[in-house]
Structures are given as C-alpha cells and as structure tokens.
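Asks: need coordinates for the below:
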Amino acid sequence: MSGFLGACSTPGTRHAATPDGSIIAPGDVPPAAPREFRAAWVSTVANIDWPSKQNLSAAQQQAEAIAILERAKAMNMNAIILQVRPSADAIYASKIEPWSEYLTGAQGQAPQPWYDPLKFWVTEAHARGLELHAWFNPYRARHDNARSPAAPNHITRANPTAVKRYGKFMWMDPAEETASKQTLDVVLDVVRRYDIDGVHIDDYFYPYPIEATPAVAGNQAALDGKPATKAELDFPDGPAWERYLARGGKLDRASWRRDNVNRLIEDMYKGIHREKSWVRFGISPFGLGRPDRRPPGIAGFSQYDKLYADAELWLQNGWLDYFTPQLYWARSQTAQAYDVLLDYWIGQNTMGRHIWPGLYTSRIGAPSKDYQPQEILDQIDATRARPQAGGHVHFSMAALMQNRKGITDQLRTQLYATPALVPATPWLGSDKPGLPQVQATRTAQGVALKLKAGKANALFTVWERHGKEWKFHVLPASMADWKLADDARLGAADAVFVGAVDRLGNESERVQVYRKQ
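Replies: Residues are numbered from 1 along each chain as shown. As a prediction, the model looks like this:
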C-alpha cells in the first residue's frame, strides 16, 4: 500500500515514506510537494451529515461543523464539499430561496441566534487550510416527506408552473427557462457573495426513473445495477415540449432533454468563471457512461438515456474543472468494476480536466452490501496508480466521523500520513504567487516561524529536513506564528524551507529560512 503519492511535477513518481509520514529524498532541496484532492461530501439533506438533527441552536450547529473540520484537518484531508442547496432551499442567507428546514425544522426560518452557516463554514475551513466547495442540487424542489410547509418564496409556491410532480417529489423542470434561470442565479449569487473555492453539482438532473405503479424511487435500483422490469413513469414536461415543437424544434425528445441540461452546464461553467476565475466547477454524475461507449463487460443504468445527462460531452467540451464520477461499486463487481470505470472516464477526458472519483465510504458498516475498509483503501491505491486521476471524494463524512471499522484511523496512518496539496488547475491560471516573508528562530524545543503572506498566498508550505528525510506541512496563509517542534525520532531539523500556494494550487519558489549551524 503506497504511503506517499506522486507529485504534480512528475506524475506517477513516488518517494519512499517512513511510518510517521516523513519522506526520504536525496539532495539539499525539498522534493516536489505531494498532490492529491482528498475531500468528503457533507450532506445536509435529511440531516445525513450536518447538522445532525433539525432545530439545533446556532452554537450546537457551529460546534458540529467545527468537529467535522477538525476531523478533516487531523486526517490530512484538504477539502470539504458542503451541500448548501438540498431542495431549492438554502443553508445560507439568500434573497432568492428560503432557509432550509434541515437547519431549523421549518422552511424559511433562520437559525437562532441568527448567523450565516455558509459564511461560518468558509471562514473556519480556510482557517484550517481546507478548501470549501459549495454543493448544489440543480433541480430537486421538494419531497412529500418534508416536515414543514413550503415557504412563500419557495419555487413550488412562487413559480409553480416551473415545477412538476414526479412520484413523491416536486421537480424543477429542466425545460422551463425560469427554473434553469433560478438555479443559475442561485449559484452565481453564492459565487459573488461567499469566498468559496468551488461550485459542485451532483447526479440529479432529470429525476431517476420511478415505476409507474407503484411510484417508488429508482436511484437505488440504478445503484444496484438492476435492469428496469416495469413500465416507468415519464417525466411530465409536455407543456415545454409542445412549445418547443411549435417553435420549429427539430430534436427528438430525449435529445431535447439532454440539450436542456447541457445548456445549464455550459452557462454555469462560463458564468462562474466570469464572476471569479479561481472558483472551480465540479460535477459528480452517476458512474456509468453511455451504453454505446462502455468497455466490454460493463452494464447497468444509463444516465445518458434516463437522467438525460451527457457527462461525456461535458468532459470533452471542458465545461467543468473537475469530474467526480460516483464509482460506488466494489473492484470485484464485474459489471460495474471500479478500475474499469475509472479507466473509461480517464479515456473520455480529452481536455485534461481533473478526475477525482467518488467513493462509497459510507457502505462500510452498512446493513447490506457492507464494505470492509480495505475496499476503500484499495480503491484509493488503484486511483493513485493512474497519474491522470489526482484525488477522490468520500461519501460521506459521517463514515469518517464515526470511524467505521477503523477506516479513519487507517487512512490517517497509512494513505494520508503526509499532507497533500490540491492539484493545480493551470487552465484557469498559472502565475506563481508571491513569496511569503518568514523569520525563523531556533528555540530550546524547535524552530519558531513568523510568517507573513505575500501576493495571492492562500497556503504556506513548510519543509523541514532531517539528514536525508523530509517532513512536509501545509498551513493556512492566515497563520502568523508556527513552531516546528524537534522530532522525537529524527531530532532537530537541520534546514527549513517555506513556500506559498495560491487559490489555484500554483506554488511559489521555496525559500530556505533556516539552516543548522
């Protein structure tokens, strides 16, 4: 099992690592920084991850958020993907959509005492050197299991013609321009007003098919790889379809539905980067590609034909910065084999975007189809063996908070023993950030650093050398004072180098700030 991962400058190379995460590398200058996107989804829908239940006080919500961020930092993760719009609602202060009931138990009701959860999450994540990506569900409007009435400004009441009932769900109709415009407006509003690092959308485009009788959710059947055996309820987008035909539209209905989704994806990608060039756009679609392009032996649900999601097109047009296919199956599950699917998506990535697959870590300890932690560890190793895939995302944070079957401990001591930088995104910008200002002073117990950020610094990188071994650290650029304690095994550092990293992962030169006399 690899304890250290390849650096971005030399993909696929590995340095030897010691059990405590230090790196053995020749020479007097530090090795290239390790690079890997290590993230987890934090679901707010149904209180899966945060907050743990509705109607907690603001202080209780904040304490739970801090615990999640502290766990991520302690594990050497580097990003959190927080669900901010579960059902056409908001876990932040919005003038477009109402407060989510998952915060207070009542849609439209703000946390008490008042605070802005998204601003809190962003501030606290950045204070720990973690990225915060805002996760939006693009079209889901409401479920019949909602515990509170829809607020007056919820789309089901404010613009009911843009919403269609589909089984137990109310769904924003992707063909209704006012529905797509609202989703785009919501996303761009968050990009403008919050210091987020990424925008993330999930796999819910047109809804997963449900059986006409009875009307039950179809996403679990899709995940299980079961073929449809009963008639499916068609999505009721007839009014928009008739208007399209009346205007002389030539596409067949399936192609027209895909075009509705494609236009939103393209507009979102371009709109986000018009607002802030450094905010990355990521999509986490269902893990199986188009049936006509699949590798031999791969079978199962077609998002292309059922969700009208042309994920291959989005990749090949470069309408995203990172692609996180939900590869929620074991490596041994032949029809949906993890390694084969990962290779497929890498092959579709002609624009060279980031490939950071989604892992079903919450299956560890699940009542059925239980994973052992080794499955997730092996999937990470398989990903690392492919230089074109530079990270992964765990679904969801709950499994890591609960340390199911010791998975958190195993990640921290084995695969995440060393911190890692998020891979750089050069197509959005490649200028190096300015050098930080650093003063280093030898003390009785270590080396004390006084740090001052330079131009465009988001993080500091710190390398300490002990003979032939190096130890690597990542600090937030807000850190003014930090101490490198002498190592119990390696002793005092004989050299210290400091660099900086910007919002896009570009690294400055490294400056030697200390040398043992």
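Asks: the spatially most central residue of the chain in helix, strand or coil?
Replies: The structure's the chain has its C-alpha centroid closest to Ile81; by C-alpha atoms, centre = their mean the separation is 4.3 Å. Following DSSP: H, G, I helix; E, B strand; the rest coil, Ile81 is assigned to strand.
Asks: for it, give me its contacts.
Replies: 39-42, 133, 135, 198, 200, 282, 393 (C-beta atoms under 8 Å, 6 or more residues apart in numbering). (C-beta placed from N, C-alpha, C; glycine too.)
Asks: save those as JSON lines, and put in neighbour count and distance to Gly105 too.
Replies: Formatted as JSON lines, these follow (neighbours: other C-beta atoms under 10 Å; distance: C-beta to C-beta, whole Å):
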{"residue": "Ala39", "neighbour count": "28", "distance to Gly105": "29"}
{"residue": "Ala40", "neighbour count": "28", "distance to Gly105": "25"}
{"residue": "Trp41", "neighbour count": "25", "distance to Gly105": "23"}
{"residue": "Val42", "neighbour count": "25", "distance to Gly105": "19"}
{"residue": "His133", "neighbour count": "24", "distance to Gly105": "26"}
{"residue": "Trp135", "neighbour count": "22", "distance to Gly105": "22"}
{"residue": "Gly198", "neighbour count": "23", "distance to Gly105": "29"}
{"residue": "His200", "neighbour count": "25", "distance to Gly105": "26"}
{"residue": "Gly282", "neighbour count": "23", "distance to Gly105": "31"}
{"residue": "Val393", "neighbour count": "26", "distance to Gly105": "29"}
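Asks: which of the residues you listed fall in strands?
Replies: 39-42, 133, 135, 198, 200, 282, 393 (DSSP state E).
Asks: farthest pair within the residues you listed?
Replies: Taking C-beta to C-beta, the two most distant members of those are Val42 and Gly282; they sit 14.6 Å apart.
Asks: which parts of the stretch 301-450 of the chain are helices?
Replies: Assigned by DSSP state H, counting those that start in this stretch, the helices in the stretch 301-450 of the chain fall at 303-306, 311-316, 338-348, 373-384, 397-401, 407-410.
Asks: extract the C-alpha trace of the third one and format it as PDB.
Replies: By that I understand helix 338-348. Taking C-alpha atoms only, helix 338-348 is exported to PDB below (Å, rounded to 0.1, in the frame of the first residue of the first chain):
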ATOM      1  CA  TYR A 338     -14.200   0.400 -10.100                       C
ATOM      2  CA  ASP A 339     -10.900   0.100 -12.000                       C
ATOM      3  CA  VAL A 340     -12.500  -0.400 -15.400                       C
ATOM      4  CA  LEU A 341     -14.900   2.500 -14.900                       C
ATOM      5  CA  LEU A 342     -12.100   4.800 -13.800                       C
ATOM      6  CA  ASP A 343     -10.100   4.000 -16.900                       C
ATOM      7  CA  TYR A 344     -13.200   4.700 -19.000                       C
ATOM      8  CA  TRP A 345     -13.600   8.200 -17.600                       C
ATOM      9  CA  ILE A 346     -10.000   8.900 -17.900                       C
ATOM     10  CA  GLY A 347     -10.200   7.900 -21.600                       C
ATOM     11  CA  GLN A 348     -13.100  10.400 -22.100                       C
END
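Asks: what about the nearest residue to Glu124 once chain neighbours are set aside, helix or strand, and which?
Replies: Nearest residue to Glu124 in three dimensions, chain neighbours excluded: Leu69, at 5.5 Å (C-beta to C-beta, 6 or more residues apart in numbering). Using DSSP states H and E, Leu69 sits within helix 58-74.
Asks: that older thread, want to try TSV for the ones in strands among the contacts of Ile81, with pLDDT as columns?
Replies: Converted to TSV, the ones in strands among the contacts of Ile81 look like this (pLDDT from 0 to 100):
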residue	pLDDT
Ala39	99
Ala40	98
Trp41	98
Val42	98
His133	99
Trp135	98
Gly198	99
His200	98
Gly282	99
Val393	99
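Asks: quick one: these as TSV, columns for distance to Gly289 too.
Replies: Formatted as TSV, the ones in strands among the contacts of Ile81 follow (distance: C-beta to C-beta, whole Å):
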residue	distance to Gly289
Ala39	22
Ala40	24
Trp41	21
Val42	27
His133	24
Trp135	22
Gly198	23
His200	20
Gly282	17
Val393	18
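Asks: which among these gets closest to Val462?
Replies: Set against Val462, the nearest of the ones in strands among the contacts of Ile81 by C-beta to C-beta is Ala39 (22.3 Å).
Asks: ok, the closest one - contacts?
Replies: If you count contacts by C-beta under 8 Å, 6+ apart, then Ala39 has 77-81, 131, 133, 356, 391-394 around it.
Asks: which residues does it bridge with?
Replies: Beta-bridge pairing of Ala39 under DSSP bridges involves Ala79, Val393.
Asks: ok, now Phe136?
Replies: Arg85, Ile201.
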